[in-house]
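Trainee: starting from these lines, generate the structure:
(one chain, ligands or ions: 1)
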Amino acid sequence: MIYMLEDEAGIRNFVLYGLRSSGMEAEGFETPSALRDAMKKNIPDLLLLDRMLPEEDGLSVLKKLRGAPETRKLPVIMLTAKDTELDKVEGLDSGADDYIAKPFGMMELISRIKALLRRTSDMPPESDRIVLGELCIYPSKHEVFAEGEKVALTLKEYDMLLFLVKNKGEVFSRDSLLREIWGYDFSGESRTVDVHVRTLRQKLGSCGVLIQTIRGVGYKAGDDVSD
Ligand code: CA
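Mentor: Numbers count the residues shown, from 1 in each chain. Here you go, the predicted model:
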């Protein structure tokens, strides 16, 4: 369900008609208070929010939504005639996920809505997140993103990456990594670690440099410049 807060009936009806024609459920509201009443009963999947409104500015509506726990993460696209760079920055700073300047085409609006819904439904909650540089690990989901792209890792690659990143800055010998990741003393097989580090770096692409070789010692995770 998509909600739209827009005081101009012409634009509101045009957008609602377009969304429904493309198979989305949508409801429109003319004033912030009407939207708030509806939100008490149902939180939509996404909100299209006009900037210039009666009663209250769209930015102020957005700030209140972001301040309430149940709508803190509600995906919001701001729609506005004010399309200067400053307005755009203000809109995004106040917590809008995206921003579209009027006049906009229906096709563009729908593709932005779909992109935002995809982005927000794929992303696990921020609280469960370990970040190093452009690398993001979500332990509860066993998922790794490098520069926003999901990376498929084997179990051992994942375990090693998580271990190194959790202990970033700390250097581990190959033997200690074998013990930590494989769970027992595997002495003489330390090449196993090198092989896993190599494939891990390849899969991480430009984030591969975050796994650093410390010559003569072992490996560490860090976002400082490696030599
Ligand atoms: Ca308006």
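
Trainee: looking at it, residue 6 is touching residue 52, isn't it?
Mentor: No - between residue 6 and residue 52 there is no contact under Cβ atoms under 8 Å: 9.6 Å. Heads up, the C-betas are built off the backbone N, CA and C, glycines and all.

Trainee: for stretch 59-66, buried residues please.
Mentor: 59, 61, 62, 65 (16 or more other Cβ atoms under 10 Å).

Trainee: need the contact list for the second one.
Mentor: Counting by Cβ atoms under 8 Å, 6 or more residues apart in numbering, residue 61 makes contact with 5, 32, 35, 49, 53.

Trainee: flag the shaky bits of this structure, pLDDT-wise.
Mentor: Along the chain, segments meeting pLDDT under 70 span 82-89, 91, 122-127, 184-188, 225-227.

Trainee: and the strands in the chain?
Mentor: For the chain, strands defined by DSSP state E occupy the ranges 2-5, 26-29, 46-50, 76-80, 98-101, 130-132, 135-138, 143-146, 149-151, 172-173, 211-214, 218-221.

Trainee: which parts of this structure are helices?
Mentor: Along the chain, counting by DSSP state H, helices occupy 9-21, 32-41, 58-67, 85-93, 106-122, 155-166, 174-177, 191-204.

Trainee: neighbour count winner among residue 6 and residue 52?
Mentor: Counted by other Cβ atoms under 10 Å, residue 6 and residue 52 do not tie: residue 6 has more neighbours, with 25 against 14.

Trainee: next, find the distance separating that one from the ion.
Mentor: Residue 6 is 6 Å from the ion, where distance means Cβ to the ion, to the nearest Å.

Trainee: again, but for residue 112
Mentor: As for residue 112, its distance to the ion is 19 Å (criterion: Cβ to the ion).

Trainee: which residues touch that residue?
Mentor: Residue 112 neighbours (Cβ under 8 Å, 6+ apart): 77, 98, 100.

Trainee: please name the bridge partners of residue 101.
Mentor: Under DSSP bridges, the beta-bridge partners of residue 101 are residue 80.

Trainee: doesn't residue 81 make contact with it?
Mentor: Yes - Residue 101 is in contact with residue 81 according to Cβ under 8 Å; the separation is 7.1 Å.

Trainee: how is the protein carved up into domains?
Mentor: By the assignment in automatic domain parsing, the chain contains the domains 2-121, 130-221.

Trainee: any idea how far apart the tips of the first one sit?
Mentor: Using Cα to Cα, to the nearest Å, the end-to-end distance of domain 2-121 comes to 14 Å.

Trainee: same check, this time on stretch 160-178
Mentor: Stretch 160-178 stretches 9 Å from its first residue to its last (Cα to Cα).

Trainee: can you pull the buried residues of it?
Mentor: By 16+ other Cβ under 10 Å, the buried positions in stretch 160-178 come out as 160, 161, 162, 164, 165, 171, 172, 174, 175, 177, 178.

Trainee: wait, which of the residues you listed is closest to the ion?
Mentor: Nearest to the ion out of the buried residues of stretch 160-178 is residue 165 (Cβ to the ion; 46.1 Å).

Trainee: which residues sit in contact with that closest one?
Mentor: Contact analysis of residue 165 by Cβ under 8 Å, 6+ apart lists 130, 132, 135, 137, 210, 221.
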